[in-house]
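> structure here, sequence nowhere to be found:
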């Protein structure tokens, strides 16, 4: 009987330990930042690429970027990691990718018709600077601005909101990707490996 009790206590402790271990395992994220690893990187003739952010969320309305399942600021950082590559380690030049704005605002649009639902309007704005600086202080840079708007019924469930928000960020980053590559090839062409763009003055 004594041995049986000890075995039962041991089994109970093992069960409790297993339950605790399962709770400690983090749940997988439902949404992750858009990735651009399938695209050819923008190869910069610099010794390194610094990714910086000057954007600070306010956590007060009308700003709601902190509620999104995927942060626009984080998405921009991931983009820079995926697409910008330093390929001239002997150069005296450094590239800087600086996030100036990564905000999202929310506004309630009241319906003039009592039989129609109010709507929530979102505006996401991403603004960055990509610059190349050499040791003498000379600099070339381009500024890129991209934005997206979204309108949904005010009574949309949180699960559906997150789906719409994620799609909004995904589409914005796709627009941003195309725009920054075009601008980089135009304004930073002399610092891009094998650039086919020739800027005439």
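Yep, it's here. Keep in mind it's a predicted model, so treat the numbers as computed, not measured.

> switch to C-alpha atoms for all contacts and neighbour counts from now on
Noted.

> quick one: secondary structure of residue 128?
Following DSSP: H, G, I helix; E, B strand; the rest coil, the label given to residue 128 is strand.

> quick one: it from residue 92, how far?
Distance from residue 128 to residue 92, counting by C-alpha to C-alpha, to the nearest Å: 23 Å.

> strands of this structure, start to end?
Assigned by DSSP state E, the chain shows strands spanning 42-44, 49-53, 84-86, 94-109, 119-133, 139-153.

> need the contact list for the residue nearest to residue 96 when sequence neighbours are not counted.
Sequence neighbours aside, residue 50 is the residue nearest to residue 96 in space, at 4.8 Å (criterion: C-alpha to C-alpha, 6 or more residues apart in numbering). Neighbouring residues of residue 50 by C-alpha atoms under 8 Å, 6 or more residues apart in numbering: 94, 95, 96, 97.

> then residue 147?
Here residue 147 is in contact with 123, 124, 125, 126, 172 (criterion: C-alpha under 8 Å, 6+ apart).

> now it, which residues is it bridged with?
Here residue 147 sits in beta bridges with residue 125, going by DSSP bridges.

> pick the one among the contacts of residue 50 closest to residue 115.
Nearest to residue 115 out of the contacts of residue 50 is residue 97 (C-alpha to C-alpha; 48.1 Å).

> now rank the contacts of residue 50 by neighbours and give me the top one.
residue 95 (25 neighbours; other C-alpha atoms under 10 Å).
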